[in-house]
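Asker: mind folding the following:
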Amino acid sequence: MGDADAARSLLSAQAVRERAHEMLAAGLRGELAHFTVDLESLGLAAHVVSELTRVSYPDGNVPFHARWRHFVLGGRDLWAERVAQTAWVSPAAKARAEFDLAITSVLLDAGAGPSWKYLDPGTEQVAARSEGLGVASLRMFEAGAFSIDPADPLRADAERLMHLKADDVAHGMQSMVGNRLVGVEGRAALLSGLGTAVAANPEVFARDDRARPGGLFDYLAAQAEDARLAAPRILEAVLEHLGTIWPSRLRLGGVTLGDTWRHPAIKRADATNGLVPIHKLSQWLSYSLIEPLQWSGIAVTDIDGLTGLAEYRNGGLFVDSGVLRLRNPEEAIHPNPVDSELVVEWRALTVALLDEVAVLIRARGGLTIDDFPLARVLEGGTWAAGRRLARDKRPDGSPPIAVASDGTVF
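Answerer: Numbers count the residues shown, from 1 in each chain. So this is what the prediction gives:
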C-alpha cells in the first residue's frame with residue numbers, strides 16, 4: 001500500500017474506532033505513559049449518564065447528539081421557528097440551507113472559554129459555551145453573514161466565506177473586551193478555508209446552485225440507494241471534500257490527515273505507524289447532517305458506524321468518574337498542547353470508553369443498539385454527565401485537564 005492509500009485508510013470512522021480501542025488495550029496493559037485505566041469505575045460513569053438521561057428525557061425519546069439541539073433556547077426551537085416562517089421552493093432547497101447552517105455552525109463550535117457569553121437579542125436569554133456558540137452562529141446565519149445575496153440570507157456562499165475576517169466572527173459572537181471568545185482567529189480561518197475548499201470543487205458543491213457548503217446535500221443525495229444512506233458515508237464525504245480546511249498539521253502521501261496525531265502506542269508496519277485519527281469536529285458535523293437528510297426524505301442507516309466524540313466533556317466524564325487517572329496529576333494543571341502525547345492518549349481513550357459505557361447504559365435500560373445508538377447515548381448522555389461532574393468537582397465547571405486549544409480541535 002502506497003503512502004497516499006495508507007493516508008486515506010485513516011479517513012474513516014472505522015479507523016478511528018479501531019485505533020482508539022488499541023489505545024485502550026494498551027492502557028489496560030499499563031503501557032501508557034500518562035493514564036491508567038480502571039474499568040471497574042465505568043459503572044459509576046454509566047450510572048451518572050443513565051440518571052441524567054432519565055431526568056432529561058423521562059419519556060425515553062432521546063434525540064441524536066447534533067448541532068440542532070443547541071438552537072433551542074429558553075424552550076424555543078429557534079431554527080424550527082425560522083423554518084416555519086420561510087417559503088421553501090423545495091425540500092432540497094431547505095436541506096441545502098440546513099447543511100449550510102450546520103457546517104458553518106459546527107466549524108464555529110470549539111471551546112469558547114469559561115467566561116464568554118452570548119446575549120441573544122431575539123429571546124433576551126444569555127447562553128454560554130456550545131449553546132451560546134450555537135445560537136450566535138444561527139443568528140449570524142439568519143442575518144445573512146455568510147450570504148452574498150441580501151435577498152437570500154439563509155445560505156452560505158463560498159465567495160463570502162473566503163473573505164470572512166476575524167472581526168466578522170468577533171462581531172457576530174459578541175467577542176469584545178470583557179467578553180473574549182477563545183480562538184476567534186482560528187474560527188475565521190476555518191470558515192475562510194471552507195469557502196476556498198467549496199469554491200475549488202464545483203462537482204461536489206455546485207451541482208444545483210452556486211458554490212456553497214450546502215451543495216454537499218446534493219452530492220450525498222446522489223449517493224443514496226433507494227433513498228437510504230449509511231452514516232459513515234457522510235463522514236467519508238466530509239473528510240474527503242472538506243479535509244483541506246483544517247490547519248496544516250500532518251500530511252502523508254500528499255493527503256491532509258486533519259484531526260490525526262502521533263502516539264507510540266499505535267503500531268503498524270506501514271506509513272501509518274504511530275498515527276491516531278480522531279476526526280472529532282468532522283464526526284460532530286456528520287452527526288449534525290443526519291437530520292437534514294432525514295427531513296428531506298433520505299433514511300440514514302448504520303448510525304452507530306460513527307464513533308463517540310473525543311472532546312473535553314466526554315473525556316472529562318471518564319477522568320472525573322475515576323475511569324482514567326493521570327500518573328502525574330500535576331500534568332492536569334498547565335495547558336497541554338493538542339498534539340501532546342497526553343492529550344492524544346486522553347482523546348483516543350475517550351472514543352473507546354464511549355463504546356464501552358454505551359454497552360452498560362443499554363444493558364441498564366434493556367435497550368438494543370438500534371433502540372439506543374451512540375448518537376442517543378452522547379445526547380442523553382455522556383456530554384451532559386461530563387459537564388455535571390465538572391461542575392460538582394470544580395467551581396467554574398472547567399474540564400479536569402487543561403488543554404491549549406486554537407479553536408479548531410475541541
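
Asker: give me the element the residue most central in space within the chain is part of.
Answerer: Of all residues in the chain, the one closest to the mean position by Cα atoms, centre = their mean is residue 284, 2.6 Å from it. Assigned by DSSP states H and E, residue 284 belongs to helix 280-295.

Asker: surely residue 7 is in contact with residue 270?
Answerer: No - judged on Cβ atoms under 8 Å, residue 7 makes no contact with residue 270 at a distance of 10.2 Å. (C-beta placed from N, C-alpha, C; glycine too.)

Asker: more neighbours: the two, which one.
Answerer: Here residue 7 and residue 270 are set side by side on neighbour count (other Cβ atoms under 10 Å), and the busier one is residue 7, at 22 against 12.

Asker: got the CA positions of the helix or strand containing the more buried one in CSV?
Answerer: Element membership for residue 7, per DSSP H and E: helix 3-8. C-alpha atoms of helix 3-8 as CSV (Å, rounded to 0.1, in the frame of the first residue of the first chain):
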residue,chain,number,x,y,z
ASP,A,3,1.6,6.3,1.3
ALA,A,4,-1.5,8.0,-0.3
ASP,A,5,-3.6,4.9,0.1
ALA,A,6,-2.3,4.4,3.6
ALA,A,7,-3.3,8.0,4.4
ARG,A,8,-6.8,7.5,3.0
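
Asker: now the element after that helix, going C-ward?
Answerer: Per DSSP H and E, the first helix or strand lying C-terminal to helix 3-8 is helix 13-28.

Asker: quick one: strands adjacent to the next helix or strand after that next one?
Answerer: Using DSSP H and E, the helix or strand that follows helix 13-28 in sequence is strand 35-37. Applying DSSP bridges, strand 35-37 is found paired with strand 324-326 (antiparallel).

Asker: and the strand it pairs with, average pLDDT?
Answerer: Mean pLDDT, strand 324-326: 98.

Asker: indicate each strand paired with the helix or strand that it is followed by and its parallel or antiparallel sense.
Answerer: Toward the C-terminus, strand 324-326 is succeeded by strand 336-337 as the next helix or strand (DSSP H and E). According to DSSP bridges, strand 336-337 has the following sheet partners: strand 403-404 (parallel).

Asker: look up how far residue 237 lies from the nearest residue to residue 37 once chain neighbours are set aside.
Answerer: Counting by Cβ to Cβ, 6 or more residues apart in numbering, residue 37 lies nearest to residue 27, which is 4.0 Å off, once chain neighbours are set aside. Separation of residue 27 from residue 237 (Cβ to Cβ, to the nearest Å): 32 Å.

Asker: helix 13-28 and the helix holding residue 284, what's the angle between them?
Answerer: Helix 280-295 runs at 140 degrees relative to helix 13-28, counting by axes from the mean of the first three to the mean of the last three Cα atoms, to 10 degrees.

Asker: how about helix 280-295, which residues are buried there?
Answerer: Buried residues in helix 280-295, counted by 16 or more other Cβ atoms under 10 Å: 280-293.
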